[in-house]
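> Give me a model of this one.
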Amino acid sequence: MPYSTISNIFTPLKSNAQWHTRSISKIEQIESYVSENRSTFTYLRKLYRKYLKHYSPVRSIAIWTLKNLYPFYLNLKSIHLSNPISRKTENTKRWRKLINLSEFSKKRDLVAYKIADAEVVNTPVPTAIPTADQSYLVSPHDQYAFPEISVAMVEDATIYGGSNLTLVDNEVICHDLFDAARDFTSEELHGRALINPKRKRIRWLSYDKKPVKLSTAATFVDACAPNYAHWLTEVLPRIALFCAEERHKDIPIVINSGLHENILNSLFEVIGSKRKVIALPIGRAIIVNKLFITSVAGYVPFERRTNKISGHSHGKFSPHAFNILTSHLSSHIDKTDSKGWPEKIFIRRNSGARKVLNASEIENLLVTKGYKIVEPEKLTFSQQVQLFSHAKTIVGSSGAALANMLFLPRGAQIFILIGKYSGTSYWYWQNMACSSGKILQYCLGTLENEQTSGIHGDFHIPLSEISKAL
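So this is what the prediction gives:
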């Protein structure tokens, strides 16, 4: 059965807002260095990223290797230093204490101030479709406590592109929700850091010989910022909270270099066009005399370090931070660029893993029930905000575009298509929905090959069950 006709695909008119483009052009870009590392490992990593990472078995082998064999290689390499220059470089890669922000602030008696209270979020078990699969939804908690959010000022701190970790003397600061025993980081996967979770220490492997120096800045660089869902639920809410404070109006902010245009547009919708923005590429560092660090406002682990222990986080989010972000955007987004926003939408997923094998049949079924098909990646950020803020019911498979649920009206219905697999963090989307006042149900499908694909496998959803649910 063919995909839905073009008349059923919702395409709003182009936005005429041009000030974002002018704002993006004003971002101060820190110059990148051409990497001098031409090792076999570097070439293999590039080959993996470009051609192999989308294959689940290959990804599993690569992650296992980087978690188990690569750290052994790095430690062995550090024992033998060939010359004084390499010794100096290696000294920067020494083991340092890994310490969370609140502990560091207390230990150093830092100037810190609260900008959001601690909150408790209730997280009931979502409904499974079909009901026979309800047993897959094993609750990790009935509720969770989100800590208060504060801003700390740290002196003479070093930040690196693509990481939310901060280096100060012999310590590396992480946020309070990071659990080194359970959470595996992007920095480790990409060979930028080595963490010893048992001893709570870290070896920083990235080294910038000529770091940039600034007197004052606020850091919002993050390893996962290029991902739209991570940006929208973890990074942008922190920026919104920080910039909402009048006392911070003249403080420049540092972000990742190379972010997608839609992500940058979302940034300027929040901060306006006057604040100075500095883009820091991976491999480059900035030493800041007075660095402002906003504590975590949302977090989901990049990967699980091990499955040998339980209690892994499915993600936690601050309702207050979500509210500040969405309230600001609802009052600033231009609402005149298109009319006739649909109330029922199906999110078409065009790329990546976790594909719905019978997506075309589902689309045609939903079209008969009055749904419009949307392709969020083809919309501007402001159009995505408007689209979801008008919708009352959405259906879509698990993917970054679902983070737009933040903009749905409170009480909106969300049906997420996802494969049946016991290792899936089902409460990721549920925690997000509960933190923003939405109602979520899972439509569980059968994986094409559960043994080799795991949580990233393609799957099939029974049409009869979707029809009943809707």
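> what bits of the stretch 251-400 of the chain have low per-residue confidence?
Counting by pLDDT under 70, the ranges of the stretch 251-400 of the chain that qualify are 334-339, 351-353.
> Show me the strands in it, by range?
253-256, 277-280, 285-294, 298-299, 303-304, 316-317, 344-347, 372-374, 393-397 (DSSP state E, counting those that start in this stretch).
> what's the distance between the fourth one and the middle of its chain?
Going back to what we said before, that points to strand 298-299. 8 Å (Cα atoms, centre = their mean, to the nearest Å).
> just the fifth one next, same as before
When C-alpha coordinates are averaged (Cα atoms, centre = their mean), strand 303-304 and its chain have centres 13 Å apart.
> same for it, what does it pack against?
strand 183-184 (3 or more Cβ pairs under 8 Å, 6 or more residues apart in numbering; DSSP states H and E). C-beta coordinates here come from the backbone N, C-alpha and C atoms, glycine included.
> Any idea how many residues pack against residue 120?
9 (other Cβ atoms under 10 Å).
> Same list (the strands of the stretch 251-400 of the chain) but as a markdown table, adding distance to residue 408 and mean neighbour count.
Output for the strands of the stretch 251-400 of the chain, formatted as a markdown table (distance: least, Cβ to Cβ, whole Å; neighbours: other Cβ atoms under 10 Å):
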| stretch | distance to residue 408 | mean neighbour count |
| --- | --- | --- |
| strand 253-256 | 26 | 23 |
| strand 277-280 | 29 | 21 |
| strand 285-294 | 26 | 22 |
| strand 298-299 | 17 | 24 |
| strand 303-304 | 28 | 16 |
| strand 316-317 | 15 | 25 |
| strand 344-347 | 10 | 22 |
| strand 372-374 | 13 | 23 |
| strand 393-397 | 7 | 23 |
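> what's the closest of these to residue 64?
With Cβ to Cβ as the measure, strand 303-304 is the member of these nearest residue 64 (10.9 Å).
> Low-confidence regions, the stretch 1-150 of the chain specifically.
Looking at the stretch 1-150 of the chain by pLDDT under 70, you get 1-7, 13-22, 34-46, 49-56, 63, 66-67, 70-92.
> Show me the helices in it, by range?
Listed in chain order, the helices of the stretch 1-150 of the chain (DSSP state H, counting those that start in this stretch) span 19-25, 40-47, 56-79, 84-91, 101-108.
> Same check on the stretch 251-400 of the chain?
261-271, 319-332, 359-368, 381-390.
> Any chance you could list what contacts the last one?
Residues external to helix 381-390 that are found in contact with it (Cβ atoms under 8 Å, 6 or more residues apart in numbering): 10, 12, 15, 17, 262-263, 265-266, 269, 329-330, 333-335, 337-338, 341-343, 345, 374, 376, 379, 394, 401, 404-409.
> by how many degrees do that helix and strand 393-397 diverge?
Interaxial angle of helix 381-390 relative to strand 393-397 (axes from the mean of the first three to the mean of the last three Cα atoms, to 10 degrees): 120 degrees.
> Kindly report the same for the longest one.
Angular relation of helix 319-332 and strand 393-397 on a 0 to 180 degree scale: 110 degrees, by the same axes, to 10 degrees.
> what's helix 319-332 packed up against?
strand 119-122, helix 236-243, helix 261-271, helix 381-390, helix 427-436.
> Name the residues of it that are buried.
319, 320, 321, 322, 323, 324, 325, 326, 328, 329 (16 or more other Cβ atoms under 10 Å).
> Tell me the spacing between the fourth one and residue 308.
I take that to be residue 322. 33 Å (Cβ to Cβ, to the nearest Å).
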